[in-house]
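Q: When you get a sec, could you give me coordinates for this:
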Amino acid sequence: MTLVVTGGGSGIGLVTARRAADAGLRVAVLDRKVGAVPTNVDIAIPVDVTDSDRVHNAMRSIGPISALATCAGIAPPGGLLDTDPEELQRVFQVNVFGTVYAMRAVAPVMREAGEGAIVTVSSVAAHRGGGLLGGTAYAASKAAVIGLTKAAARELAPHGIRVNSVAPGPVATPLLTEPERFARDTLLNRVADADEIAEAVLFLLGPGGRNITGETLNTNGGAHFA
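A: A predicted model of the protein is given here:
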């Protein structure tokens with residue numbers, strides 16, 4: 001099984017790539033910065049996911065791909081009146097178009113094989129309209145990822161390709177300040193570890209998720225309706 005992880009140079013993507021490689025998968029990472037990619041990853045390609053041609057060429061160079069996790073994303077905090085058009089476009093280019101480009105690059109290969117699995121990364125912000133994580137543009141982009149996931153699941157199911165999403169809440173990283181405050185916004189009163197999100201991604205990609213498609217797994221401690 002060959003897994004491609006976009007945004008695998010940091011955060012959830014990096015942990016997903018590392019755990020997959022530890023499990024014996026052939027793993028390729030696409031990221032603008034690949035310096036922190038785990039050493040047990042087979043392939044690391046510096047790619048900006050907003051560049052459709054480069055994404056396509058990178059995927060083609062990897063060879064047959066059976067699984068994809070689209071973890072690349074940005075989360076600016078600005079509100080509706082604070083986000084200028086350039087920032088709005090950048091958020092959608094990375095979070096939405098970057099996801100689309102990766103999916104478009106792997107879907108023909110998976111369709112030819114008659115099987116494949118894709119997991120996108122949305123956010124609790126898609127359900128809550130921001131507030132807990134990210135600003136207006138971020139929430140809107142992550143809601144678009146859920147819609148994209150459902151549409152792609154419907155379109156690709158006849159070809160044996162499953163498409164699902166995960167919607168994390170706050171995740172414990174060095175960049176997360178005041179984790180206690182974020183924890184209070186979840187039903188379980190805790191923030192997640194990146195390993196927990198990665199485990200959910202790999203479950204959906206693996207045999208345990210083979211009868212699941214078009215779903216969004218809320219890996220956010222109940223924050224999506226807290």
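
Q: need the helix or strand of this structure with the lowest average pLDDT.
A: helix 179-183 (a mean of 85; mean pLDDT, DSSP states H and E).

Q: could you point out which element follows that helix?
A: Using DSSP states H and E, the helix or strand that follows helix 179-183 in sequence is strand 192-193.

Q: Remind me what that following strand packs against, helices and strands.
A: strand 171-172 (3 or more C-beta pairs under 8 Å, 6 or more residues apart in numbering; DSSP states H and E). C-beta here means a position set from N, CA and C on the backbone, and glycine is covered the same way.

Q: Direction included, what does the strand it packs on pair against?
A: strand 192-193 (parallel) (DSSP bridges).

Q: If you count contacts, what does the next helix or strand after the strand it pairs with end up packed against?
A: Per DSSP H and E, the first helix or strand lying C-terminal to strand 192-193 is helix 194-205. Here helix 194-205 touches helix 11-22, strand 67-70, strand 116-121, strand 161-166, strand 171-172, going by 3+ C-beta pairs under 8 Å, 6+ apart.

Q: Next secondary structure after helix 194-205?
A: As the chain continues past helix 194-205, the following element, by DSSP H and E, is strand 216-217.

Q: Residues in contact with that following strand: which ones?
A: Applying C-beta atoms under 8 Å, 6 or more residues apart in numbering, the contact partners of strand 216-217 are 122, 146, 149, 164, 165, 166, 167, 200, 204.

Q: gap between the host helix or strand of the second one and the chain center?
A: Residue 146 belongs to helix 136-156 when elements are defined using DSSP H and E. In terms of C-alpha atoms, centre = their mean, to the nearest Å, the gap separating the centre of helix 136-156 from the centre of its chain is 11 Å.

Q: got it, and stretch 122-140?
A: With C-alpha atoms, centre = their mean, you get 15 Å for stretch 122-140.

Q: same question, stretch 81-92
A: 20 Å.

Q: State the mean pLDDT of it.
A: Averaging pLDDT along stretch 81-92 gives 94.

Q: in that stretch, what's buried?
A: 83, 88, 90, 91, 92 (16 or more other C-beta atoms under 10 Å).

Q: nearest residue to residue 189 other than its sequence neighbours?
A: residue 183 (5.3 Å; C-beta to C-beta, 6 or more residues apart in numbering).

Q: Which elements pack onto the helix holding residue 146?
A: Against helix 136-156 (3+ C-beta pairs under 8 Å, 6+ apart) you get helix 85-92, helix 98-113, strand 116-121, helix 125-128, strand 161-166.

Q: can you put the buried residues of stretch 81-92 in a markdown table and add distance to residue 31?
A: Shown next, in a markdown table, are the buried residues of stretch 81-92 (distance: C-beta to C-beta, whole Å):
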| residue | distance to residue 31 |
| --- | --- |
| 83 | 25 |
| 88 | 23 |
| 90 | 16 |
| 91 | 18 |
| 92 | 19 |
